[in-house]
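Asks: sequence and predicted structure are below.
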Amino acid sequence: MGALLLAAVAMTTTPPPAVIPKPASIAIGSGAFVVRKGTTVSVSPATAETRRVGNDLAALLGGRLVAGPAKVKLELGGGRGVGAEGYELTVASEGVRLVAGTSAGLFHGVQTVRQLLPVRGPRRLPAAVIRDRPRFPWRGAMLDVARHFRTVRDVERFIDLMALYKLNRLHLHLSDDQGWRIAISKWPRLATHGGSTQVGGGKGGYYTQRQYAAIVRYAAERYIDVVPEIDMPGHVHAALSSYPELACDGKPSALYTGIEVGFSSLCVAKPVTYRFVDDVIGELAALTPSPWIHVGGDEAAATKRADYVRFVNRIRQIVERHGKRMVGWEEVGQATLDAGSIVQHWNLEGAKSALSQRAVAQGAKVIMSPAAHAYLDMKYDASTRLGLQWAGFSSVRDSYAWDPARVVPGLAAAAVLGVEAPLWSETVRTMADAEYLAFPRLIGIAEIGWSPARGRSWSEYRLRLGAQGPLLAALGVNYYRSPEVPWR
Ligand code: TNX
């Protein structure tokens, strides 16, 4: 009796593996798989993609990919009910089996293995059966490379960290008043002039088309789609300074390095504006394999409302003519949308919520980025040096304890595609600063996007988050050691 009771106590106190996002289901077994040097890994069928994922796993385990029988098996084509991105992972003392319907699923399963593997101490994986799949198809992060530019290497490192938490969309905010960051061959001054500075007057920068394509490829190898944004009709000062004919007054202007918003506008009445938009969207669409082009549309305070609506209606058609779906900030809900359109909800004020509702009534879908919860550039608390606070402070708990399907009252849950955390960069000069704001809050956003709503709780999540400390430290991430979290 006493022994039985003890066993029961031991079972209930064994904490579940500290994986984030929390898997849809975990059954804990007994024992562990001991990872030895040279552990064999196999993939079936062997394709370029499964081999790449298998090699990742082999590298992680200090093992090697083999053609014959192996201790660790990756299999494509199985895993019933795990969808396009899920996986089934079975760890037993004799071996490990990872099954998925797609190589994206295998890749996500490898991320789980990565988190199960202790950073320090004996290299063993706890016996378990994990069946996992995401709640939402859209699980994103946004980098604002316009206010402060980031190098290709910076973006790639950010992509690596996103992949570790199963995020699958990288939204790049490529243009704003302070800078234009992508080379457009038909309008070269956008990059060479418009990209030549940034907030505070630094030297800025831009991606050549080849560099942008390299980012897209790097992301795709980690099952992340790049969603490029050219913000219009406002937030365009860098473009107007490069090509004054795009402004209604046609007057030359110097570049802008401050942080005000809402003062610039493309000239909606001029035909050249639509040639410009068509060229830019056309080149971007050709470089971007994912089906989306983000057109911004936020805070167009210098554009009259009727002009704004007319403009968005036209650019949606331009985007669609180039074979893409239009994504815009919630303000585009004022225009005519269709079932292919997506709005990104960012403002929880009543009137703005109505814009997302208006979009959904027209058949559009919604990505949830409510500023008070999802904006990585809000200060954690009064003591945070970096960041803004117009949407209030956003603690680690604030960024975790919300549900994308419930945050806008009256919005049909089926219209919600998922979640995205924007990292606006007015105050964010270095990548170390970016990491400080993004981590750990982005990890919570990743869990909200992936894990079932049922069973999520802050009190349990904070323990798992604390357990990520050693891995984040080992990766050299400059994460914020929030006092809300029991870091290990
Ligand atoms: C609002 S949110 C903006 C950005 C700023 C951000 C700062 C949105 C669509 N527009 O232009 O960078 O606030 O938090």
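Replies: Great, that's in hand.

Asks: burial count for residue 118?
Replies: 15 (other Cβ atoms under 10 Å). (C-beta placed from N, C-alpha, C; glycine too.)

Asks: make that residue 431, sorry
Replies: There are 18 residues near residue 431, going by other Cβ under 10 Å.

Asks: for it, give me the pLDDT.
Replies: In this prediction, residue 431 carries a pLDDT score of 98.

Asks: next, count neighbours for residue 113.
Replies: If you count neighbours by other Cβ under 10 Å, residue 113 ends up with 22.

Asks: OK, contacts around whichever residue of the stretch 51-200 of the chain sits closest to the ligand?
Replies: Closest approach between the stretch 51-200 of the chain and the ligand, counting by Cβ to the nearest ligand atom: residue 144, at 6.2 Å. Taking Cβ atoms under 8 Å, 6 or more residues apart in numbering, we find residue 144 in contact with 173, 176, 377, 422, 423, 424, 425, 426, 428.

Asks: show me which residues of the protein sit near the ligand.
Replies: Contact residues (Cβ under 6 Å from any ligand atom) of the chain with the ligand: 261, 298, 299, 329, 346, 375, 377, 388, 424, 426.

Asks: hey, C-alpha coordinates of stretch 170-177 in PDB?
Replies: Extracted as PDB, the C-alpha positions of stretch 170-177 are listed here (Å, rounded to 0.1, in the frame of the first residue of the first chain):
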ATOM      1  CA  LEU A 170       8.300  36.100 -40.900                       C
ATOM      2  CA  HIS A 171       6.700  39.400 -41.800                       C
ATOM      3  CA  LEU A 172       9.400  41.900 -42.900                       C
ATOM      4  CA  HIS A 173       8.300  45.600 -42.600                       C
ATOM      5  CA  LEU A 174      10.500  46.700 -45.500                       C
ATOM      6  CA  SER A 175       9.600  50.400 -45.800                       C
ATOM      7  CA  ASP A 176       8.600  53.300 -43.700                       C
ATOM      8  CA  ASP A 177       9.100  57.000 -43.400                       C
END
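
Asks: quick one: distance of it to the chain centre.
Replies: 13 Å (Cα atoms, centre = their mean, to the nearest Å).

Asks: repeat that for stretch 235-246.
Replies: 29 Å.

Asks: what does stretch 42-58 give?
Replies: 25 Å.

Asks: what does that stretch rub up against?
Replies: 39, 41, 63-70, 72-77, 98, 103, 106-107, 110, 113, 221.

Asks: list the buried residues in stretch 285-305.
Replies: 285, 287-288, 290, 292-300, 302-303 (16 or more other Cβ atoms under 10 Å).

Asks: and the furthest pair within the residues you listed?
Replies: 290 and 302 (30.2 Å; Cβ to Cβ).

Asks: in this protein, where is pLDDT below threshold?
Replies: Counting by pLDDT under 70, the chain has low-confidence residues at 1-15, 350-352.

Asks: for residue 460, helix, strand, or coil?
Replies: helix (DSSP: H, G, I helix; E, B strand; the rest coil).

Asks: tell me which residue of the stretch 201-350 of the chain lies closest to the ligand.
Replies: Taking Cβ to the nearest ligand atom, the ligand has its nearest neighbour within the stretch 201-350 of the chain at residue 298, 3.3 Å off.

Asks: so what's that residue up against?
Replies: Residues in contact with residue 298, defined by Cβ under 8 Å, 6+ apart, are 231, 234, 235, 328, 329, 330, 331, 346.

Asks: likewise for residue 374?
Replies: By Cβ under 8 Å, 6+ apart, residue 374 lies in contact with 346, 368, 399, 419, 420, 421, 422, 445.

Asks: the closest residue to the second one other than its chain neighbours: neighbouring residues, count only.
Replies: This points to residue 368. Excluding the flanking residues, the one nearest residue 368 by Cβ to Cβ, 6 or more residues apart in numbering is residue 404, at 3.9 Å. Residues lying near residue 404 (other Cβ under 10 Å) number 28.

Asks: tell me the secondary structure at residue 404.
Replies: coil.

Asks: any idea how far it is from residue 66?
Replies: To residue 66, residue 404 is 42 Å away according to Cβ to Cβ, to the nearest Å.

Asks: does residue 488 touch residue 469 like I think?
Replies: Yes. Residue 488 is within contact range of residue 469, at 4.9 Å (criterion: Cβ atoms under 8 Å).

Asks: who's more crowded, the two?
Replies: Legend: neighbour count by other Cβ under 10 Å for residue 488 and residue 469, higher for residue 469 (18 against 15).

Asks: tell me the secondary structure at the closest residue to the more buried one other than its chain neighbours.
Replies: Distances taken as Cβ to Cβ, 6+ apart place residue 487 nearest to residue 469, at 4.2 Å, with adjacent residues excluded. Here residue 487 is coil, with the state taken from three-state DSSP.

Asks: show me what counts as buried in the strand or helix carrying residue 219.
Replies: According to DSSP states H and E, residue 219 maps onto helix 209-220. Neighbour-count burial for helix 209-220 flags 209, 211, 212, 213, 215, 216, 218, 219 (criterion: 16+ other Cβ under 10 Å).

Asks: before we move on, what about stretch 319-335?
Replies: 319-320, 322, 324-335.

Asks: tell me the contacts of residue 416?
Replies: Contacts of residue 416 (Cβ under 8 Å, 6+ apart): 136, 365, 366, 367, 368, 404, 405.

Asks: from the ligand, how far out is residue 414?
Replies: According to Cβ to the nearest ligand atom, to the nearest Å, residue 414 stands 24 Å off from the ligand.

Asks: burial count for that residue?
Replies: Counted with other Cβ under 10 Å, residue 414 comes out at 9.

Asks: got it, and residue 474?
Replies: Neighbours of residue 474 using other Cβ under 10 Å come to 10.

Asks: hmm, back to that, from the contact counts, what lies against the next helix or strand after the helix holding residue 219?
Replies: Downstream of helix 209-220, the first helix or strand assigned by DSSP H and E is strand 225-232. Under the contact criterion of 3 or more Cβ pairs under 8 Å, 6 or more residues apart in numbering; DSSP states H and E, strand 225-232 touches strand 169-173, strand 175-176, helix 209-220, helix 271-287, strand 292-296.

Asks: what pairs with strand 225-232, parallel or antiparallel?
Replies: Here strand 225-232 has these sheet partners by DSSP bridges: strand 169-173 (parallel), strand 292-296 (parallel).

Asks: and the closest residue to residue 466 other than its chain neighbours, what does it touch?
Replies: Computed as Cβ to Cβ, 6+ apart, the closest residue to residue 466 that is not its neighbour in sequence is residue 486, at 4.2 Å. Applying Cβ under 8 Å, 6+ apart to residue 486 gives the contacts 462, 463, 466.

Asks: who's in contact with the last one?
Replies: I take that to be residue 466. By Cβ under 8 Å, 6+ apart, the neighbours of residue 466 are 485, 486, 487, 488.

Asks: related to what we said a few turns ago, for the residue nearest to residue 368, what are phi and psi?
Replies: phi -60, psi -30 (degrees, to the nearest 10).

Asks: go on, the one 4 residues further on?
Replies: In this entry, residue 408 is assigned phi and psi values of phi -110, psi 110 (degrees, to the nearest 10).

Asks: picking that back up, ok, of the contacts of residue 374, which one's closest to the ligand?
Replies: Among the contacts of residue 374, residue 346 lies closest to the ligand (Cβ to the nearest ligand atom), at 4.5 Å.

Asks: what sits against the nearest residue to that closest one once chain neighbours are set aside?
Replies: Nearest-residue entry for residue 346: residue 369, 4.9 Å, with adjacent residues in sequence omitted and distances by Cβ to Cβ, 6+ apart. By Cβ under 8 Å, 6+ apart, the contact list for residue 369 reads 142, 344, 345, 346, 375, 419, 420, 421, 422.
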